[in-house]
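> I need the structure of the sequence given here:
(2 chains, ligands or ions: 1)
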Amino acid sequence: MSCKPPEEGYTLIIAEKPKAAKSIAYAISVNPSQCKYHGVPYWMINSNGRRIIVAPVAGHLFGLNTDINDIPVFKYYWAPRWEVERKAYHTKKFYNLIKYLSRSPSLVVNACDYDVEGSVIGYLVITIIVGKKFYKRMKFSSLTPEELREAFNNLQPQDTNMVEAGLCRHELDWIYGINLSRLLTKSYRNATSERRILSVGRVQTPTLIEVINRYIEVETFSKSPVFGVYASISYKGKTFTASYIGNPIRKYIDAKKIKESIENASKASIIDTKRSYEEDPPPPPYNLNDLQEDAYRLYKFSPSYTQKLAEDLYLDGLISYPRTNSQKLPPGLNTRKILNGLSEAGYSGIVDIILKENPNLVYREGRKTDPAHPAIYPTGIKPRYLRPDHKKLYDLIARRFLAVFLPSSLYAKIYIKWLAGVPLESYLRTLVKEGWLIAYLADSVSEEEIIEPKISDKGEISKVVIKTLYTDKPTYHTKTSILRWMENNNIGTESTRAEIIEILYKRGYVKDHGGKAKPTSLGLAVAEISKTFFPELTSVELTRSFEEKIQKIRDGELTREVVVEQAKKIVKKLVEDGLAKQREIEILIKNLVLGSGRKCVICGASSINTDLCPLHTRALEELIKNLYEWCDSYGITREEALRKIAKSRSVGKAVREVAQGILDEKIII
DNA sequence: GCAAGGTC
Ligand SMILES: [Zn+2]
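This next block holds a predicted model:
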């Protein structure tokens, strides 16, 4: 078959990406012929005289652009990305392919992912490059042949409302993001005479503020600790860590008394015991977030690095589409074929067990879903050579896929209540059945014998300790916990979250301290300016309000024009007010970034008319609030408590500094 | 150049 598009009368199907185009071509024809145009594949089909061409794009070929450099700016248009974005030159060949195939189609179909963004991608390509106003929409939620055939045989009418909703979202983000970023950049330049690009946006700014809030919480944490008394008891060749049943204890002196009475008891005798069983079901199939979390936990890969590795594996055909929130495998997936493939790829031991013990290949799924893509799974194609990090990630994905076919693991839980001057209790968890854990264990662990404790038997007490407990002590964010926070608050998408986190680092708002995310003075300044001058951008509620409006547009209850006009009005006022108060913004930047004005006696940061910066002010407040508890729980004087706090690892750094500051009489209270 | 959203 010729690769030249026919003179007339053919169907042109636009897919969002090359992989999807191929799946669609093979679903609607047994022998589509693959062609190439400047390296980009497309497929020609002759079906009972009907000519069909399936052609891919690569996500968005168009982006919003403006020719105006000033603010406020509301004049924008959709421009080919290869023309206006340096990093998007590769989209030109996709653009040219569509142009080449656009001579005279009699029917055009938008077969991009069935979500709002796919509707926009297809709409822009069809209306701008193909030059058609009317087209059909293919509706599918997975790339299985059955579903694609069904979708092709039941083409949906043009998805006007979805397109309008999507265009609206783009415009809203552009109007807020570009205008306010420029306002900020301009103010920064005036204040510092440094050219530096700053940005704010609906997703990045609430995320920055979350990092800061967590930082402040950690730094100013000053709750007095509570105590736990624990005894190590040897019995039947095992060592039990028994916890005093009155734990946690508020006062140190009480903990000491308990410790002494346990030490005075010669032995611990068993006064009660129970055995129960606990099932641990296999984990669900991976979505991107869960994969990013595991890769960070096990290998310290950042979310964006994990995403990059997963995309490489996907493009190599080794795993399914990775940018998904779904924890469900696609219906009708040929799981047997994939398992056989994995068997060839070095997982035969586990696969054999699955085939033997779960012949119907029943598998576990998770709760989370995705409108356009199923969970991540290996395709079963045997990897040739993988670089070490790719191999690690592939291995995680392969083992997770295997785990979902395996049974729950089972633990025996032995409860023992002891008497050693005071009552104590211990739990011993013994693995009874490995279940899905075999997918992760190098060697099978010997199933341990379950002990059977007897009432009034005695154990030897080898050690008694008092532990300081800080149960609700907050921790700094990491890139991974930021990502989880974004997901929980429903901002950003699978494709963008990791990248947006990187932007906070790239702009210099957040700095990495051995994995911990801490704001810089610039980040604190941007947050402060945003809160003062454009507060709507600082909360996840802006996303909620966008979502509501966009849903209404989808439902035909609201138009894009109305929503965009409202946004322009709001942003116009924000920009005008901001320009009028530019001196104030510049002073904030000078104080917070350059450290002009009055300084904190502890850290030298800007302190805005007091002796302490906002962080140390807050730390002092927290310290004063909790100081009595410290005195009371240790039975010490205020002075002694301050000395203790100044050295304590259980409080935040800012609190230690403030405690020392009081002792040194730098701070008078 | 700045957003957030696709995908390469
Ligand atoms: Zn300070």
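> Report the distance from the helix or strand hosting A:Phe401 to the chain centre.
Per DSSP states H and E, A:Phe401 falls inside helix A:388-403. Between the centre of helix A:388-403 and the centre of its chain there are 19 Å (Cα atoms, centre = their mean, to the nearest Å).
> Tell me which other helices or strands it touches.
Here helix A:388-403 touches helix A:288-299, helix A:303-315, helix A:335-342, helix A:348-357, going by 3 or more Cβ pairs under 8 Å, 6 or more residues apart in numbering; DSSP states H and E. For the C-beta atoms, the positions are set from N, CA and C on the backbone; glycine is no exception.
> The closest residue to the ion within the stretch 301-450 of chain A: neighbouring residues, count only.
Of all residues in the stretch 301-450 of chain A, the one sitting closest to the ion is A:Ser302 (29.9 Å; Cβ to the ion). Neighbour count of A:Ser302, defined by other Cβ atoms under 10 Å: 21.
> pLDDT value on the residue lying closest to it once chain neighbours are set aside, please?
Sequence neighbours aside, A:Lys479 is the residue nearest to A:Ser302 in space, at 5.0 Å (criterion: Cβ to Cβ, 6 or more residues apart in numbering). We note a pLDDT of 97 for A:Lys479 in this prediction.
> A:Lys479: what's it in contact with?
Shown in contact with A:Lys479 (Cβ atoms under 8 Å, 6 or more residues apart in numbering): A:Tyr296, A:Ser302, A:Pro303, A:Ser304, A:Ala498, A:Ile501, A:Gly515, A:Ala517.
> Would you mind measuring from it to A:Ile451?
In this view, A:Lys479 and A:Ile451 are 43 Å apart by Cβ to Cβ, to the nearest Å.
> now swap in A:Val120 and tell me
63 Å.
> Number of residues surrounding the nearest residue to A:Ala15 once chain neighbours are set aside?
Nearest non-adjacent residue to A:Ala15, counting by Cβ to Cβ, 6+ apart: A:Ala21, 3.7 Å away. A:Ala21 has 25 neighbouring residues, counting by other Cβ under 10 Å.
> Confirm for me that A:Ala21 is in contact with A:Ile45.
No: assessed by Cβ atoms under 8 Å, A:Ala21 is found out of contact with A:Ile45, at 11.4 Å.
> that older thread, which element is the residue nearest to A:Ala15 on?
helix A:18-28.
> Give me the contacts around stretch A:658-669.
Here stretch A:658-669 makes contact (Cβ under 8 Å, 6+ apart) with A:601-602, A:611-612, A:616, A:619-620, A:623-624, A:639, A:642-643, A:645-646, A:651.
> what subset of these is also close to the ion?
A:Ile602, A:His616 (Cβ under 5 Å from the ion).
> low-scoring stretches of the stretch 301-450 of chain A, by residue?
Applying pLDDT under 70 to the stretch 301-450 of chain A flags residues A:443-447.
> The same query, at a cut-off of 50, please.
By pLDDT under 50, the stretch 301-450 of chain A contains no weakly predicted segment.
> A:His616 touches A:Val655, doesn't it?
No: taking contacts as Cβ under 8 Å, A:His616 lies outside contact range of A:Val655: 9.2 Å.
> how much space between the residue nearest to A:Ser302 and A:Thr306?
In terms of Cβ to Cβ, A:Lys479 sits 10 Å off from A:Thr306.
> Common neighbours of the two, please.
Contacts common to A:Lys479 and A:Thr306, judged by Cβ under 8 Å, 6+ apart, are A:Tyr296, A:Ala498.
> List, one by one, the residues from chain A near the ion.
A:Cys600, A:Ile602, A:Cys603, A:Ala605, A:Cys613, A:His616.
> The fifth one is in contact with A:Val601, isn't it?
No: A:Cys613 sits out of contact with A:Val601 when judged by Cβ under 8 Å, with a separation of 9.2 Å.
> buried ones in stretch A:67-84?
A:Ile71, A:Pro72, A:Val73, A:Phe74, A:Tyr76, A:Trp78, A:Ala79, A:Pro80, A:Arg81, A:Trp82 (16 or more other Cβ atoms under 10 Å).
> Do me a favour and get the end-to-end distance for it?
End-to-end distance of stretch A:67-84 (Cα to Cα, to the nearest Å): 10 Å.
> To what extent is A:Asp312 buried, counted in neighbours?
18.
> So for it, what's the nearest residue that isn't a sequence neighbour?
With Cβ to Cβ, 6+ apart, the residue lying closest to A:Asp312 is A:His390, at 6.1 Å.
> wait, isn't that neighbour in contact with A:Tyr314?
No: with contact defined as Cβ under 8 Å, A:His390 does not reach A:Tyr314; the gap is 11.2 Å.
> coming back round to it: lowest pLDDT pick from the residues of chain A next to the ion?
Minimum confidence in those sits at A:Ala605, scoring 85.
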